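Participant: Predicted structure and sequence below. I'll ask about it afterward.
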Amino acid sequence: MDQQTSRITRIEKQYTELVEFVLIDEVALRSKEFVEFVDKSF
């Protein structure tokens, strides 16, 4: 039981890190597009 619990915790930690990485990537992409849009506007 204890080994199963630690395994689940490890999977959840990896999943959380993956989600955070994807979100950061998404934000970076959005801000890059926004900067390019602003550059074209002025």
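Facilitator: Nice, thanks for sending it over.
Participant: How many residues are close by Val35?
Facilitator: Neighbour count of Val35, defined by other C-beta atoms under 10 Å: 10. Every residue, glycine included, has its C-beta placed from N, CA and C.
Participant: Next: Glu26.
Facilitator: By other C-beta under 10 Å, 10 other residues sit near Glu26.
Participant: how close does it get to Val19?
Facilitator: Separation of Glu26 from Val19 (C-beta to C-beta, to the nearest Å): 10 Å.
Participant: ok, now Val35?
Facilitator: 25 Å.
Participant: List the buried residues in stretch 16-23.
Facilitator: By neighbour count on 16 or more other C-beta atoms under 10 Å, the buried set for stretch 16-23 is empty.
Participant: Centre of the chain to that stretch, how far?
Facilitator: 3 Å (C-alpha atoms, centre = their mean, to the nearest Å).
Participant: what's it in contact with?
Facilitator: Around stretch 16-23, nothing counts as a contact under C-beta atoms under 8 Å, 6 or more residues apart in numbering.
Participant: Go ahead and produce PDB holding the CA coordinates of that stretch.
Facilitator: The C-alpha trace of stretch 16-23 is given here as PDB (Å, rounded to 0.1, in the frame of the first residue of the first chain):
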ATOM      1  CA  THR A  16       1.800  18.800 -12.200                       C
ATOM      2  CA  GLU A  17       5.200  19.800 -13.600                       C
ATOM      3  CA  LEU A  18       4.100  18.900 -17.100                       C
ATOM      4  CA  VAL A  19       1.000  21.000 -16.800                       C
ATOM      5  CA  GLU A  20       3.000  24.000 -15.500                       C
ATOM      6  CA  PHE A  21       5.500  23.600 -18.300                       C
ATOM      7  CA  VAL A  22       2.700  23.600 -20.900                       C
ATOM      8  CA  LEU A  23       1.100  26.600 -19.300                       C
END
